[in-house]
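>>> sequence plus the predicted model coming up.
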Amino acid sequence: MKQRFDFEEIRPLYDEEVPELMPSILKEEAIEGFAKFIAPEMPYEEFKTFVSSLKTKSEFQSKLIAPFLLKLAAKTADSLDITGLDKISKELSYTFISNHRDIILDAAFLNTLLIDAGYESAEVAIGDNLLIYPWIRNLARMNKSFIVKRDMPVRQLFEASRRLSSYINFALKIKGQSVWIAQREGRSKDSTDRTQESVVKMLAMGGGKDLLSSVYSLNIMPVSISYEYDPCDFLKAKEFQQKRDDVNFKKDKRSDLVNMYTGMMGYKGRIHFEITSALNEELDKLPKDLDKCSLVTAIAGKIDTLIHRNMRMYENNYIAYDLLNGTHQYSEHYDEAKKAKFEAYISEQLDKIELENKDEEYLRIKLLEMYANPLVNFIKATAV
């Protein structure tokens, strides 16, 4: 018997719930700080009146969130652009799956670029570990986010994955709504950008068919995200040493907030999004006799290849590779002035790391790997 799922705990808000919940959200003390952050030019009373006038999720995104993010990009990045929009149709729904650099901005910038180009935004998968207060949860759901349950016992996690997969299928096939999900749980801290096989398995759970047919029906469109600079690189390097020195180390909620704020407000240089070819075109090339485990591995590999092949390489990637390997292999892509600038940047990021037993050489290697690994992946993917 086909199981029916209740999506109440994880779905985005319905449009009619937006004006219903807004008054209670605006009563939260922390909202004034949120208002100053997202609309600093607007007096708080005016902000409350303006936000109260927003009646749907689309209005909330297009009139408040997207304008804020475009201003944020103008302040913290040299450019923000997208290519490959000609590969998607406004009449179809897609599962956008991308590499994961920034906790908030990967999906937020993608949706902003879609809205700016006249496309409908995607619903976004967000981990419940980030929704530390009820008002944040409601704002996220107002911003077309659906919730991914984390840190659960294995049996409960399996059921939560089935429900999540069923919701994604429901959003795509019944609501006609595109969705976004990262290729892995948590950011790829060393920029290796590998799709977790568990994500592929989860996506296929709710299709109601064999695994390959289920994946086909999701209309997966991988997206490559390339940041010239990662504002959180020094925080990621710090975490690498903390985990190396203490196998039981775990970040606290405050660390997530620090990472979110640093990622949003830090300098990012150039940011590029590339919508790649549809995954279904690559699935047609797979051998027909793969067992289930091999098929999951192959699908994850196809997603990786599309993401890696469409990354945009910056001078930093070539410089980091040469510095890491002690070579001049890619020196035609940069000059000495750019190399010196990048080395100075790495030194500045190292200086920001505060640790009792600071291992500078180890941390430097980790920072360089973050910028070299996209090039390593790009070379492998373009050679296929």
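Done, it's in.

>>> going by C-alpha atoms from here, please, whenever you check contacts or count neighbours.
Noted.

>>> got the contact list for N138?
L13, L21, I25 (CA atoms under 8 Å, 6 or more residues apart in numbering).

>>> please redo it, this time with the cut-off set to 10 Å
By CA atoms under 10 Å, 6 or more residues apart in numbering, the contact list for N138 reads P12, L13, V18, L21, M22, I25, L131, S145.

>>> the nearest residue in space to T76 that is not next to it in sequence - how many residues pack around it?
Residue nearest to T76 in three dimensions, not counting chain neighbours: Y267, with 4.7 Å by CA to CA, 6 or more residues apart in numbering. Counted with other CA atoms under 10 Å, the neighbours of Y267 add up to 18.

>>> by pLDDT, give me the weakest of the contacts of N138.
For those, the model is least confident at L131; its pLDDT is 90.

>>> wait, that residue sits on A140?
Yes - between L131 and A140 a contact is recorded at 8.0 Å, counting by CA atoms under 10 Å.

>>> what's the overlap in contacts for the two?
Common neighbours of L131 and A140, counting by CA under 10 Å, 6+ apart, are I147.

>>> what about these two, which has more around it?
Neighbours were counted for L131 and for A140 using other CA under 10 Å; A140 has more, 20 against 15.

>>> what's the first helix or strand after the helix or strand encompassing that one?
Secondary structure assignment for A140, by DSSP states H and E: helix 134-142. Downstream of helix 134-142, the first helix or strand assigned by DSSP H and E is strand 145-148.

>>> in the following helix or strand past that next one, what's buried?
Downstream of strand 145-148, the next assigned helix or strand under DSSP H and E is helix 154-173. By 16 or more other CA atoms under 10 Å, the buried positions in helix 154-173 come out as 160-173.

>>> now do helix 154-173: distance to the chain's middle.
19 Å (CA atoms, centre = their mean, to the nearest Å).

>>> for stretch 303-323, same thing?
17 Å.

>>> likewise for stretch 187-202?
Computed by CA atoms, centre = their mean, the separation of stretch 187-202 from the middle of its chain amounts to 11 Å.

>>> same deal with stretch 143-151?
The mean C-alpha position of stretch 143-151 is separated from the chain mean by 13 Å, CA atoms, centre = their mean.

>>> and the gap between V200 and A160?
Relative to A160, V200 is positioned 15 Å away (CA to CA, to the nearest Å).

>>> which residue ranges of the stretch 151-300 of the chain form helices?
154-173, 197-205, 211-217, 233-245, 253-265, 279-283, 292-309 (DSSP state H, counting those that start in this stretch).

>>> related to what we said a few turns ago, can I get the helix holding A140 in CSV? Just the C-alpha atoms.
Provided in CSV are the C-alpha atoms of helix 134-142 (Å, rounded to 0.1, in the frame of the first residue of the first chain):
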residue,chain,number,x,y,z
PRO,A,134,10.7,29.7,15.9
TRP,A,135,10.7,33.1,14.2
ILE,A,136,13.7,32.1,12.1
ARG,A,137,11.9,28.9,11.1
ASN,A,138,8.9,30.9,10.1
LEU,A,139,10.9,33.4,8.1
ALA,A,140,12.7,30.6,6.3
ARG,A,141,9.4,28.9,5.4
MET,A,142,8.2,32.3,4.3
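
>>> just how off-centre is it within its chain?
Worked out by CA atoms, centre = their mean, helix 134-142 lies 18 Å from the chain centre.

>>> same thing with stretch 132-140?
19 Å.

>>> what comes up buried for it?
By 16+ other CA under 10 Å, the buried positions in stretch 132-140 come out as W135, R137, N138, L139, A140.

>>> re the thing from before, tell me the pLDDT of the residue nearest to T76.
On pLDDT, Y267 comes in at 98.

>>> so who does it touch?
A73, K75, T76, A77, D78, E228, Y229, D230, P231, C232.

>>> save the residues you listed as JSON lines, and put in distance to S213 too.
What follows is the contacts of Y267, written out as JSON lines (distance: CA to CA, whole Å):
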{"residue": "A73", "distance to S213": "39"}
{"residue": "K75", "distance to S213": "44"}
{"residue": "T76", "distance to S213": "42"}
{"residue": "A77", "distance to S213": "40"}
{"residue": "D78", "distance to S213": "42"}
{"residue": "E228", "distance to S213": "37"}
{"residue": "Y229", "distance to S213": "39"}
{"residue": "D230", "distance to S213": "37"}
{"residue": "P231", "distance to S213": "40"}
{"residue": "C232", "distance to S213": "38"}
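
>>> buried ones among the residues you listed?
A73, T76, A77, E228, Y229, D230, P231, C232.

>>> ok, the residue nearest to the fifth one when sequence neighbours are not counted to Y94 distance?
I take that to be Y229. Sequence neighbours aside, K268 is the residue nearest to Y229 in space, at 4.6 Å (criterion: CA to CA, 6+ apart). Distance from K268 to Y94, counting by CA to CA: 28 Å.

>>> picking that back up, in strands, which of the contacts of Y267 fall?
A77, D78 (DSSP state E).

>>> can you list the low-confidence ranges for the stretch 51-200 of the chain?
Under the criterion pLDDT under 70, no range of the stretch 51-200 of the chain is flagged.
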